[in-house]
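A.B. asks: Attaching a predicted model along with its sequence, questions to come.
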Amino acid sequence: MRTVNFLIFFSLFLLVYGLINYYIFFRGWQLIPRGSAIRPWYAIVFLLVASSYIGGRLLERYSICTLSTAAIFAGSLWLALMTYLFIGLVVVDFLRLMNQAIPLVPSFVIEKRGIIKYIIAAIVLIGALLTVTAGYVNAAILRVRTLDITLSKTTIPHGGVRIALATDIHLGVIIGNSRLERLVNKINDIKPDVILLAGDIVDEDLAPVIEQNLGETLRGLRAKYGVYAVTGNHEYIGGVEDAVHYLEKHGIIVLRDNAVLIDGKFYVVGRDDRSKAGFTGEKRKPLNDIISGLDKRLPIILMDHQPFQLDEAVANGIDLQLSGHTHHGQMWPFNHITSAVYEISHGYVQKGDTHVYVSSGSGTWGPPVRVGTRPEIVQIRINHRK
C-alpha cells in the first residue's frame, strides 16, 4: 500500500510539475525568434534546471557529492522561481484574454506589441527574481517569538516554566551546519528549562545529516531538563527508525506515544506522527491511552506534529498542545491553502482550557525561501494564574 500510494503521489507530482514547466518554457520559447541560435541553448539550460531537483535527489541516494548538492540547491531555488514565474505568466495571460473580450489596452500599445511583450516578460522575470531573493534572505533570519500562557494549576513551579520550541528544521542538504548553529545559539540564549522539537527535525534523507555531522551541533542544545522531540512525517519519509536512533544517539529524547514526568513538576507527552499508519500499517496510540494514569493536577504539555483534531486534546484535558508541519504555507499564496486545510495554520488559540500553538517552523522544505511567513523559535513562558 505504501508503494502504491507513493507511486500515485509521485506520478501526480510529475504531471503537475511537468505541465507548469512546459507552460513556462513555451512562453519563453515564444519570445525567441525562429531560427535563432539561442533557442537550442535555451532548451538545454531550461531542461537541466527544471530536472535538477529530482536528479539531485536521485543522485544523492547513490552518492552525496558536490554535484548532488549543487543540483538539489539549484533545483530548490528553481521550485521557488518557477512558482512566481508561473503566477506572473498566468496573470499576464488572463489579462490578455480579458482584453480580447473587453478591449482595454490603448491602440498605441497594441501597435508596439513587439517591444511591449519583451517589457512585460522582463517585468515578470525581474519580479520573480526579486521575490525569490527577498524570500531567501527572509528564510535565513530566525526570529524569537514569545508566548505567555497562564494556567490555573497551582502545581506550576515558582518562577514558571520556560520552554523553547522549534519545529520543522528539515536538516539535510539545504539546512546544514551554518543555519543549525544559529538556531542552537538562539535557543540557548533563551535559557529554557526544557527544549521541545515538534517533528520534521530531519529532512527526507538522513545521509546528508550524517555527512555533515549535524548531530554534534545538536549536542550543543542546553536546557535544565533536557531536549525532547517527536517524529514528523519527514522522519517517516526518510526512515523513522534510523532517524530516531540518530537523534537519540546525539542527546535528544524522542517521545513516541509516551509521556515523561519532568522533575516531578510537569509532563511532556509526545505522539508519533499521524503518518505512521501510512508508512507502517500500524496506528499510533489514542491520546487517552497515552495519558492514562497521569496526575492531572500537573500541567500536561503535548507535542503532536500535525495540528489535526485539536478537539481531541481539549477532550483529554491537555493544557498546552504544540504543533508545526504547516510552515504556514512557507511561500505566498500557499498560506491560503494551509489556512483552509487546518483549523490553525499558524499562531495561538485557546480552546476551552487547552492552549494551542502551531509554529510556522524554523527551517524550510524544498525551496530555501519564505514569502509572507517567517522562520521562528518560540519562547513559551507558563505561569500560574493568581
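C.D. replies: Received, thanks.

A.B. asks: going forward, measure contacts between C-alpha atoms and count neighbours the same way
C.D. replies: Noted.

A.B. asks: I'd assumed Glu181 was in a helix, is it?
C.D. replies: Yes. Counting by DSSP: H, G, I helix; E, B strand; the rest coil, one finds Glu181 located in a helix.

A.B. asks: longest helix of the protein?
C.D. replies: Longest among the helix segments of the chain by residue count, using DSSP state H, is helix 66-101.

A.B. asks: Just list what that helix packs against, helices and strands only.
C.D. replies: Counting contacts by 3 or more C-alpha pairs under 8 Å, 6 or more residues apart in numbering; DSSP states H and E, helix 66-101 is packed against helix 2-31, helix 38-60, helix 113-139.

A.B. asks: Mind putting those helices into JSON lines with distance to Gly160 and mean neighbour count?
C.D. replies: Listed next are these as JSON lines, based on distance: least, C-alpha to C-alpha, whole Å; neighbours: other C-alpha atoms under 10 Å:
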{"stretch": "helix 2-31", "distance to Gly160": "44", "mean neighbour count": "13"}
{"stretch": "helix 38-60", "distance to Gly160": "45", "mean neighbour count": "16"}
{"stretch": "helix 113-139", "distance to Gly160": "32", "mean neighbour count": "16"}
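
A.B. asks: Name the helix or strand of the protein that has the lowest mean pLDDT.
C.D. replies: helix 107-111 (a mean of 62; mean pLDDT, DSSP states H and E).

A.B. asks: and the residue nearest to Ile24 when sequence neighbours are not counted, how far is that from Ile190?
C.D. replies: Using C-alpha to C-alpha, 6 or more residues apart in numbering and skipping the chain neighbours, the partner closest in space to Ile24 is Phe86 (6.5 Å). Separation of Phe86 from Ile190 (C-alpha to C-alpha, to the nearest Å) stands at 41 Å.

A.B. asks: picking that back up, between the helices and strands packed on helix 66-101, which one is closest to Ser359.
C.D. replies: Between Ser359 and these, the tightest spacing by C-alpha to C-alpha is seen for helix 113-139, at 14.4 Å.

A.B. asks: From the contact counts, what lies against the following helix or strand past the closest one?
C.D. replies: The helix or strand immediately downstream of helix 113-139 is strand 143-151, counting by DSSP states H and E. When contacts are defined as 3+ C-alpha pairs under 8 Å, 6+ apart, strand 143-151 packs onto strand 376-384.

A.B. asks: How about residues contacting the strand it packs on?
C.D. replies: For strand 376-384, the external contacting residues (C-alpha atoms under 8 Å, 6 or more residues apart in numbering) are 142-154, 156, 159-167, 183, 186-187, 190, 192, 359-362.

A.B. asks: Put the buried members of the residues you listed into a PyMOL selection.
C.D. replies: Burial among the contacts of strand 376-384 is assessed by 16 or more other C-alpha atoms under 10 Å; the matching PyMOL selection reads:
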select buried, resi 142+144+149+151+153+156+161+162+163+164+165+166+167+183+186+187+190+192+359+360+361+362
